[in-house]
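> Predicted structure and sequence below. I'll ask about it afterward.
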Amino acid sequence: MADDVLRLEKVRKSYNIGRPTETEILHGIDLTLGRGEFAALIGPSGSGKSTLLNIMGLLDRPTSGRLFVEGQDTSALGDRLLTRLRGRSIGFVFQHHLLITAFTALENVMMPMLVERGFPDAKMKKRALDLLTGLGLGQWQHNLANALSGGQQQRVAVARALAMEPALVLADEPTGNLDTKSAEGVFEMMREVNRKSGTSFLIVTHSLEIARGCDRIIELVDGQLVQAGAAPAAA
Amino acid sequence: MNRWVPFEWIAALRFLREGRLQTLFIISGVSVGIAVIVFMSALLTGLQANLTKRVLSAQAHITLQPRDEIARPLRLGGKDVEMAIVQMPLQRVRSIDQWQGLVRVLQDDPAIVAVSPVAAGSALAVRGDATRAVSIVGIEPDSYFHIVRLPDNIVAGTVRLSSQDIVIGTELARYLGIGVGDRLTLTSGARTSGALTVTAIFDLGSRPVNERYVYIPLRTAQSLLDLIGGVTSIELTIADVYAAETVARRLQPMTGAAAYSWIATNAQFFSAVQAQSLSSAVIRLFVALSVALGIASVLVVSVIQRSKDIGILRAMGTSRGQTLRIFLIQGALIGLVGAVVGSLLGAGGLLFFHDHVRQADGSELIPLVFERSLFVAAALLATLTGVLAAMAPALRASRLDPVVAIRG
């Protein structure tokens, strides 16, 4: 289905294959994420959330099963095409913001476009500045990444994830290291982007508060999906 | 960000700039290594050029002479020998056959720059009661001065060689007590010259040469040596002095004459120069190796330090090739900048050495030789070394699993 941003069919992931310590982390995951969805992925520590997120983000490959990104089967793609697809279709927001400290806020946001096109140009600078301004960070554009506060860095990371206008943003504990106020600010910002641009979001979180703010909660326990329904109304 | 600078260069430059202290230290290390290489190479080039110039100041690159006369045992026919004991024959002063034609052939040889016929032999220089054994060198000044630059080494008078003129060395002039304008007589075994006027006194930097050599016109020498129309040798200057032995070997069968190169004539000097070059090359090799290891170790640390950056770049779509290039460029830049700074340091060191380390009389000990090719070679070598040294860390970076890298 072309309107699905992401589709997983019987995805399994094992480590130490063929050794006595072989362990299966994901046990046949079937999951579909539609265009414009704003979903939370929750589960206890060790349930396989990060592994699943890495597979969905094309950073890792499943041991078996198939993964479709915007309708394209990724199982037959080589590293080069997979890297290109990842750069174009998927944005990442990591728990520890992971900006590149050698670059300014503006340059960090420009980075995915620069990687894709090879040379900097005025268009990508304007796009990056628009994103930063839209997220209230215009005045910090020339600050080096490590000269920004944690909340500001995470918002820059969100801007960067949106730079290529990806179909899907995968956010791994994006508010995990932030104080309550900053965490709310970042979450609201992502929500706003989702509403305005229709970009799909999948947010891995331990916070029920955050999960309840999403349209859908996907729960993973011991490598299996136990719930993939609509989120209950926030209390 | 400059719109003409590609992504890999931007990332490489920023990474180097961010780790500026680390970058500064490794560039300093590379610079010192390159400075040593440049300093040693230029010093050695100057030293060897100077020594070679001194050795060649009074001799040709190649000398063609008639082959030695050989006495052969008489044979009765078949394998029987009538007289088995054969004495070595005396080597007479002989002319090279058809030397004029040979000179024309040699002048057309592309490896040869100058050709000059010479009639040389022994004589006595007589001035009143004083006599001195000398080697007379009969020359055609126009061609011979391209072989031995006599006019550059004149300390008194002007080189002029009409039929009754002679040019002598400083030591002979001192011994005979004569100067420019004075006269002396040359006596060979067979003939005696008329009075010859000293027109110039030379100093070729070698006491034996200054003491024994006298230069007179070719015709005068031919007459004195009873060698009318003949020459005892043909002297050559070639384009590449270090190819003298090869050219001599080629000329020998071609001309039918015995060809002696300056390398064969000065075999001990030449082997000393070669040993010096070899030891210098070994030292330079080890310096270059230490430079390469320094660059590699710093970049290995950099890859470890930047593994999260590499992971995030990979997550954003940076290919393995782009990642590889980011680190190769860093290696090349470290090498290139180190080469530029090192070349300046090396050149400065040479200037200092040249100005402060002098001979006892204050003249230069070693001439200053700044060859552009040396600096270009140093830059290329250092850049290439940087790229090669960066290869292992760059490969490691490009193969990093983004998941592992991001997790740290």
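The structure has been received and is ready for your questions.
> need the contact list for residue 203.
No chain specified, so I'll use chain A. Taking C-beta atoms under 8 Å, 6 or more residues apart in numbering or on different chains as the criterion, residue A:203 is in contact with A:38, A:39, A:40, A:41, A:171, A:174, A:190, A:210, A:211, A:214. Using the backbone N, CA and C atoms, a C-beta is placed for each residue, glycine as well.
> meant chain B actually
Residue B:203 is in contact with B:153, B:155, B:169, B:170, B:210, counting by C-beta under 8 Å, 6+ apart.
> what's the closest of those to residue B:90?
The nearest member of the contacts of residue B:203 to residue B:90, counting by C-beta to C-beta, is residue B:169 at 28.6 Å.
> Check whether that closest one really touches residue B:205, as I assumed.
No. In terms of C-beta atoms under 8 Å, residue B:169 does not count as a neighbour of residue B:205; the distance is 10.5 Å.
> related to what we said a few turns ago, which of the contacts of residue A:203 sits closest to chain B?
Taking C-beta to the nearest C-beta as the measure, chain B lies nearest residue A:171 of the contacts of residue A:203, at 12.6 Å.
> and the closest one, what pLDDT?
What the model reports as pLDDT for residue A:171 is 91.
> That one belongs to a strand?
Yes. Assessed by DSSP: H, G, I helix; E, B strand; the rest coil, residue A:171 belongs to a strand.
> count of neighbours near it?
27 (other C-beta atoms under 10 Å in any protein chain shown).
> Just give the closest residue to it, not the sequence neighbours.
In space, and not counting its chain neighbours, residue A:171 is closest to residue A:93: 4.0 Å by C-beta to C-beta, 6 or more residues apart in numbering or on different chains.
> ok, residue A:3 - how many residues close by?
The burial count for residue A:3: 10, using other C-beta under 10 Å.
> Surely it is in contact with residue A:34?
Yes. Here residue A:3 reaches residue A:34: they are 6.5 Å apart, a contact under C-beta under 8 Å.
> Does chain B have contacts with stretch A:17-31?
No. Residues of stretch A:17-31 contacting chain B under C-beta under 8 Å from any C-beta of the partner chain: none, with a closest distance of 12.6 Å.
> element containing residue 156, please.
No chain in the question, so chain A it is. helix A:150-162 (DSSP states H and E).
> Actually, chain B is the one I wanted.
strand B:154-157.
> Now which of the contacts of residue B:203 would you call buried?
The neighbour-count test (16 or more other C-beta atoms under 10 Å in any protein chain shown) applied to the contacts of residue B:203 identifies B:153, B:169, B:170, B:210 as buried.
> Which ones among those map onto strands?
residue B:169 (DSSP state E).
> ranges for the helices of chain A?
Chain-ordered helices for chain A, with DSSP state H as the definition, fall at A:49-56, A:79-89, A:105-117, A:122-134, A:150-162, A:180-197, A:208-212.
> Run the chain-centre distance for stretch B:168-181.
Average the C-alpha atoms of stretch B:168-181, do the same for its chain, and the two points are 33 Å apart (C-alpha atoms, centre = their mean, to the nearest Å).
> ugh, wrong one, I meant stretch B:325-332
Here stretch B:325-332 shows a centroid-to-chain-centroid distance of 37 Å under the convention C-alpha atoms, centre = their mean.
> what about chain A, any weak spots by pLDDT?
Low-confidence segments of chain A, defined by pLDDT under 70: A:1-2, A:97, A:227-235.
> Smallest distance to chain B belongs to which residue of it?
Residue nearest to chain B within chain A (C-beta to the nearest C-beta): residue A:87, separated by 1.9 Å.
> Tell me if I'm right that that residue and residue A:115 touch.
Yes. Shown here, residue A:87 and residue A:115 form a contact pair, counting by C-beta under 8 Å, at 6.1 Å.
> Report the set of residues contacting both of the two.
Contact with both residue A:87 and residue A:115 is made by residues B:316, B:317, B:318, according to C-beta under 8 Å, 6+ apart.
> Can you lay out those as CSV showing neighbour count and distance to residue B:298?
Listed next are the shared contacts of residue A:87 and residue A:115 as CSV, based on neighbours: other C-beta atoms under 10 Å in any protein chain shown; distance: C-beta to C-beta, whole Å:
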residue, neighbour count, distance to residue B:298
B:316, 26, 26
B:317, 23, 28
B:318, 27, 22
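> Which one of the residues you listed is nearest to chain A?
Taking C-beta to the nearest C-beta as the measure, chain A sits nearest to residue B:317 out of the shared contacts of residue A:87 and residue A:115, at 1.9 Å.
> How about that closest one: what's its closest non-neighbour residue?
residue A:87 (1.9 Å).
> Tell me how many other residues crowd that neighbour.
Neighbour count of residue A:87, defined by other C-beta under 10 Å: 22.
> With the one 3 residues further on instead?
Taking other C-beta under 10 Å as the neighbour definition, residue A:90 ends up with a count of 27.
> That one: what's it in contact with?
Applying C-beta under 8 Å, 6+ apart, we find residue A:90 in contact with A:57, A:58, A:69, A:166, A:167, A:168, A:169, A:170.
> try residue A:191
When the contact criterion is C-beta under 8 Å, 6+ apart, the partners of residue A:191 are A:38, A:213.
> Skipping adjacent residues, who's closest to residue B:202 in space?
Using C-beta to C-beta, 6+ apart and skipping residues adjacent in sequence, the residue nearest residue B:202 is residue B:153, 4.9 Å away.
> Most neighbours out of the contacts of residue A:90, which is it?
Greatest neighbour count in the contacts of residue A:90, by other C-beta under 10 Å, goes to residue A:170: 28 neighbours.
> For that one, which non-adjacent residue is closest in space?
Here the residue nearest residue A:170, using C-beta to C-beta, 6+ apart, is residue A:57, at 4.9 Å.
> Contacts only, for residue B:310.
For residue B:310, the residues meeting the contact criterion (C-beta under 8 Å, 6+ apart) are B:303, B:323, B:397, B:400, B:402, B:405.
> Pipe these into JSON lines and attach secondary structure per row.
Supplementary listing: the contacts of residue B:310 in JSON lines, determined by three-state DSSP:
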{"residue": "B:303", "secondary structure": "helix"}
{"residue": "B:323", "secondary structure": "helix"}
{"residue": "B:397", "secondary structure": "helix"}
{"residue": "B:400", "secondary structure": "coil"}
{"residue": "B:402", "secondary structure": "helix"}
{"residue": "B:405", "secondary structure": "helix"}
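> which among these are in contact with chain A?
With C-beta under 8 Å from any C-beta as the criterion, the members of the contacts of residue B:310 in contact with chain A are residue B:402.
> Looking at the contacts of residue B:310, spot the one nearest chain A.
For chain A, the nearest member of the contacts of residue B:310 is residue B:402. The distance, counting by C-beta to the nearest C-beta, is 5.0 Å.
> Just give the number of residues close to that closest one.
Using other C-beta under 10 Å, residue B:402 has 26 neighbouring residues.
> pretty sure it contacts residue A:57?
No. At 9.1 Å, residue B:402 does not count as touching residue A:57 under the criterion of C-beta under 8 Å.
> which neighbours do these two share?
With contacts defined as C-beta under 8 Å, 6+ apart, the residues adjacent to both residue B:402 and residue A:57 are residue B:315.
> Figure out how far stretch A:166-174 is from the centre of its chain.
Taking C-alpha atoms, centre = their mean, one finds the center of stretch A:166-174 at 2 Å from the center of the full chain.
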